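1. next comes the sequence, and after it the predicted model I'd like to discuss.
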Protein chains: 2
Amino acid sequence: MTHSPDSGSSLPAGYRTAPFAEDCAPRKLLRLFSAKWVTMILHALHLSGGGSRPGQLLRNLPGLSKKMMTQTLRDLEAKGLVSRHVMAEAPPVVEYRLTALGQCLIEPLEQLYGWGVEHAHILDRID
Amino acid sequence: MTHSPDSGSSLPAGYRTAPFAEDCAPRKLLRLFSAKWVTMILHALHLSGGGSRPGQLLRNLPGLSKKMMTQTLRDLEAKGLVSRHVMAEAPPVVEYRLTALGQCLIEPLEQLYGWGVEHAHILDRID
DNA sequence: CTGCATCCTGGGCGATACTG
DNA sequence: CAGTATCGCCCAGGATGCAG
């Protein structure tokens, strides 16, 4: 018998997991973005043309601690969103760049950022 | 002398606060959305045509506890994103509805949800 | 400059039990 | 059914210090 491509379950179009499940696609995205510094770092890298050095980032993002920066970068690296490049050794020169995957995630992020900027007057009332 | 409308500071177009500041518009939005149940509840209300009863919500969102539901709803209410309507008294019948402001925030949320669904294959690699 | 380890606190959030 | 109050866990994330 012919059965639908999505393993036979009846889910809303496009979904491969229940739309309200903890692990539904949208939630994954939001969970990623909800880490305090993830979006800022992605955005900063993006604005720097896709790559930036740690010191640079630290200076660009007031409030960001060295610990959280490294930690967040490691996390993003593990997820394949940024890549680490060592250029020299003494003194160490490092640069982090957005991977193709990272560039991809920039899209919805910038959309959201854009919306936020455009509707700043609204956001003033929710925080 | 004529001065620019945005109080004279030199910020990127559209911004009224530094793009990297903790309280920049995009960050406010992300902070709101990062609360564990906010987006799910907004989304659920949206799908229910803008209004829903507590029990309904509880049943629709597996994993959501009564406490967190109420707490989140109270929070959203305080921010003017949902409104509370008591219909009867015994037994109590209550309905929560999205306000105009709430409807407004649905826009970027649904965008993000849409993007997430469309790129589920990518999201599988980040979580 | 870059990066890791350690200590510590706040509060988000879940479980449970009780009122009307 | 709707809502509140309490207890307690867990961990994100900030501060500080050391190492290459």
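-> Thanks, I have the structure now. Numbers count the residues shown, from 1 in each chain, chains lettered A, B, ... in the order given.

2. can you list the residues of chain A near DNA strand C?
-> Contacts of chain A with DNA strand C, taken as CB under 7 Å from any atom of the strand, map to A:53-56, A:58, A:66-67, A:70, A:73-74, A:84, A:86, A:91-94. For the C-beta atoms, the positions are set from N, CA and C on the backbone; glycine is no exception.

3. element containing A:F33, please.
-> Mapping A:F33 onto the secondary structure by DSSP states H and E places it in helix A:25-34.

4. only alpha carbons, please: show the helix or strand just after that helix as CSV.
-> Next in sequence after helix A:25-34, counting helices and strands by DSSP H and E, comes helix A:38-47. Once non-C-alpha atoms are left out, helix A:38-47 reads as follows in CSV (Å, rounded to 0.1, in the frame of the first residue of the first chain):
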residue,chain,number,x,y,z
VAL,A,38,24.4,33.6,20.7
THR,A,39,22.5,36.1,18.6
MET,A,40,24.7,39.0,19.4
ILE,A,41,27.8,37.0,18.5
LEU,A,42,26.3,35.7,15.2
HIS,A,43,25.1,39.2,14.4
ALA,A,44,28.5,40.7,15.3
LEU,A,45,30.3,38.2,13.1
HIS,A,46,27.8,38.9,10.4
LEU,A,47,28.4,42.7,10.5
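
5. is DNA strand D within reach of helix A:38-47?
-> No - using CB under 7 Å from any atom of the strand, we find that helix A:38-47 stays clear of DNA strand D, coming within 8.0 Å at best.

6. got the buried residues for that helix?
-> Judged by neighbour count (16 or more other CB atoms under 10 Å in any protein chain shown), helix A:38-47 contains these buried residues: A:38-46.

7. ditto for stretch A:104-112
-> Of all the residues in stretch A:104-112, those buried under the rule 16+ other CB under 10 Å are A:105-106, A:108-110, A:112.

8. give me the subset of the residues of chain A next to DNA strand C lying in strands.
-> Filtering the residues of chain A next to DNA strand C for membership in strands, criterion DSSP state E, returns A:84, A:86, A:92-94.

9. and the residues you listed, which are buried?
-> By 16+ other CB under 10 Å, those give no buried members at all.

10. can I get those residues in a markdown table with pLDDT?
-> As requested, these are arranged in a markdown table below (pLDDT from 0 to 100):
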| residue | pLDDT |
| --- | --- |
| A:R84 | 96 |
| A:V86 | 95 |
| A:P92 | 91 |
| A:V93 | 95 |
| A:V94 | 96 |
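
11. show me which of those residues neighbour DNA strand D.
-> Applying CB under 7 Å from any atom of the strand to those, one finds that A:P92 fall near DNA strand D.

12. what residues does chain A put near DNA strand D?
-> Contacts of chain A with DNA strand D, taken as CB under 7 Å from any atom of the strand, map to A:35-37, A:63-68, A:91-92.

13. which of those lies closest to DNA strand D?
-> Distance ranking of the residues of chain A next to DNA strand D against DNA strand D, using CB to the nearest atom of the strand, places A:K36 first at 2.9 Å.

14. can you tell me how far A:E118 is from B:Y113?
-> Distance of A:E118 to B:Y113, given as CB to CB, to the nearest Å: 19 Å.

15. contacting residues for A:L105?
-> A:L105 makes contact with A:32, A:42, A:81, B:122, B:126, according to CB atoms under 8 Å, 6 or more residues apart in numbering or on different chains.

16. mind running it again at 7 Å?
-> A:42, A:81 (CB atoms under 7 Å, 6 or more residues apart in numbering or on different chains).

17. and if you look at A:L73?
-> When the contact criterion is CB under 7 Å, 6+ apart, the partners of A:L73 are A:41, A:82, A:96.

18. Throw those residues into JSON lines and include pLDDT, thanks.
-> Shown next, in JSON lines, are the contacts of A:L73 (pLDDT from 0 to 100):
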{"residue": "A:I41", "pLDDT": "96"}
{"residue": "A:V82", "pLDDT": "96"}
{"residue": "A:Y96", "pLDDT": "96"}
